[in-house]
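In: Quick check, what structure comes out for this input:
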Amino acid sequence: MTDNSLNNSRPALVAAYLLSVESYRLKAERLFDDRFSRELIPSAWKISLLPGFDARAYRIPGIQQVHVFELDLPDPQRLKQTYVKNILGELPAHVSYVPIDFDRQDIDGVMTTVGFQIAEKIVHNGRIA
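Out: Modelled structure (predicted):
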């Protein structure tokens, strides 16, 4: 293989790599979602840090049994709330949208102001604590 043919195939190799990474990410996400759905613990709490437009709090079957705290920057969170209201008609009662400035506020302080209690069962980033 000449240097020129390697250069010509580089975009295809990069594309194949990115597809495999995305495929892995989607499989891992699906695995977590399935496990979370099977192991739903009524009255448990789930924390999502910087969820952006992640829709787990709305799409996992039975998730409404869990109190979800979505901690995110204020502007993206307001935009997400607008979209959620437009799609669902109202904001779901099981989701608390918690605006936070990570540079100026600490998570513990913000979470106590919204009624979070550490003694509860918690799910964070795919791990049940």
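In: For Val98, which three-state class applies?
Out: Following DSSP: H, G, I helix; E, B strand; the rest coil, the label given to Val98 is strand.
In: Show me what it is bridged to.
Out: Leu71 (DSSP bridges).
In: Run a quick neighbour tally on it.
Out: 20 (other Cβ atoms under 10 Å). All C-beta atoms are positioned from the backbone trio N, CA, C, and that covers glycine.
In: Hmm, it is touching Leu71, no?
Out: Yes: counting by Cβ atoms under 8 Å, Val98 touches Leu71, with 4.7 Å between them.
In: Need the overlap of contacts for the two.
Out: By Cβ atoms under 8 Å, 6 or more residues apart in numbering, Val98 and Leu71 have these common neighbours: Val110, Met111.
In: could you pull out the strands for this protein?
Out: For the chain, applying DSSP state E gives strands covering 45-49, 67-72, 95-99, 122-124, 127-128.
In: mean pLDDT lowest for which of those?
Out: Mean pLDDT is lowest for strand 127-128 among the strands of the chain, at a mean of 44.
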